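Student: sequence first, predicted coordinates after that:
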Amino acid sequence: MEDSTDEKENKDNLEHDLEDELDSSKLNQNEKTHEDETNDRLETKLQEAYGKQDDLQNKYLRVHADLENIKKRSIKEREEAVQRTRSQIIGDLLPIIDSFKMGLSEASKHENAKTFVEGFSMAMDLMENTLNEYGLYAVESTNKPFDPKVHDAISYEANETVEEGIVINTIREGYKLGDKLLRPASVILSKGKKEEN
């Protein structure tokens with residue numbers, strides 16, 4: 001009978017050990033499940049944080065690009081305003097330059113005005129050099145083919161030596177400021193040899 005009690009006790013101990021192992025296994029499974037859930041939550045939060053970071057970085061890049069575009073547009077608008085003002089001021093000076101040149105041309109015909117002509121001629125050269133530094137230059141016309149982009153034909157004359165369509169005389173000089181035409185040159189064109197009847 002002692003053997004059966006021992007057997008029963010062994011059996012009970014064995015069952016108890018098995019239950020302990022089962023409980024321990026369940027605990028380990030619960031711990032692993034809890035650990036997996038925690039890892040999943042952390043992974044999800046990490047992915048959300050990366051997503052927010054990407055969104056913020058994209059917004060930053062867009063704002064930075066917008067600011068660069070605004071800066072470039074502002075610089076361009078400022079340069080255009082300066083160029084418009086410069087064009088307007090220099091355009092307003094062109095009739096004055098014409099008057100000076102006409103006056104110098106007439107004064108140079110009189111011998112007693114020679115010293116005045118030299119003085120005004122030097123002042124005129126100085127003014128033209130200054131305006132050239134700002135990009136103003138005269139359109140070359142005389143003895144050049146007619147170009148409707150820069151010439152304004154006001155008359156035609158027969159000419160025995162110059163072929164048709166060539167500028168034979170410039171009445172009023174044309175001017176460009178950089179690439180922009182401020183004023184076309186008023187010119188007289190050759191219409192070639194005189195026709196004989």
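Tutor: That came through, no problem. Numbering: from 1, shown residues only.
Student: contacts and neighbour counts: CA atoms only from here.
Tutor: Noted.
Student: which parts of the chain are helices?
Tutor: The residue ranges that make up the helices of the chain, judged by DSSP state H, are 2-107, 114-133.
Student: just the buried residues of the shortest one, please?
Tutor: Counting neighbours by 16 or more other Cα atoms under 10 Å, one finds that the buried residues in helix 114-133 are Val117, Ser121, Met124, Glu128.
Student: now tabulate the helices of the chain in CSV and tack on distance to Tyr156 and mean pLDDT.
Tutor: Supplementary listing: those in CSV, determined by distance: least, Cα to Cα, whole Å; pLDDT from 0 to 100:
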stretch, distance to Tyr156, mean pLDDT
helix 2-107, 22, 81
helix 114-133, 30, 90
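Student: of all these, which one is nearest Ser186?
Tutor: For these, distance to Ser186 was read as Cα to Cα. The smallest value, 12.3 Å, belongs to helix 2-107.
Student: before we move on, the earlier item: got the helices of the chain as TSV, with distance to Tyr175 columns?
Tutor: TSV is the format used below for the helices of the chain (distance: least, Cα to Cα, whole Å):
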stretch	distance to Tyr175
helix 2-107	8
helix 114-133	11
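Student: now for the ones you listed, which one comes closest to Pro148?
Tutor: With Cα to Cα as the measure, helix 2-107 is the member of the helices of the chain nearest Pro148 (19.8 Å).
Student: which other helices and strands does the closest one contact?
Tutor: Other helices and strands packing on helix 2-107, by 3 or more Cα pairs under 8 Å, 6 or more residues apart in numbering; DSSP states H and E, are helix 114-133, strand 180-183.
Student: please redo it, this time with the cut-off set to 10 Å
Tutor: Contacts defined by 3 or more Cα pairs under 10 Å, 6 or more residues apart in numbering; DSSP states H and E place helix 2-107 against helix 114-133, strand 136-139, strand 174-177, strand 180-183.
Student: give me the contact list for the first one.
Tutor: Helix 114-133 is contacted by residues 90, 93, 97, 100-101, 103-111, 134-138, 177-178 when judged by Cα atoms under 10 Å, 6 or more residues apart in numbering.
Student: give me every residue that touches Leu181.
Tutor: When contacts are counted by Cα under 10 Å, 6+ apart, Leu181 is found next to Ser87, Leu136, Tyr137, Ala138, Val139, Lys149, Val150, Gly174, Tyr175.
Student: how close does it get to Phe100?
Tutor: 21 Å (Cα to Cα, to the nearest Å).
Student: next one: Asp55
Tutor: Between Asp55 and Phe100 the distance is 67 Å, computed by Cα to Cα.
Student: compare these two (neighbour count), which wins?
Tutor: Neighbour totals were compared for Asp55 and Phe100, and Phe100 leads with 15 against 12 (other Cα atoms under 10 Å).
Student: identify the residue nearest that one in space, chain neighbours excluded?
Tutor: The shortest distance from Phe100 to any residue other than its chain neighbours is 7.7 Å, reached at Met124 (Cα to Cα, 6 or more residues apart in numbering).
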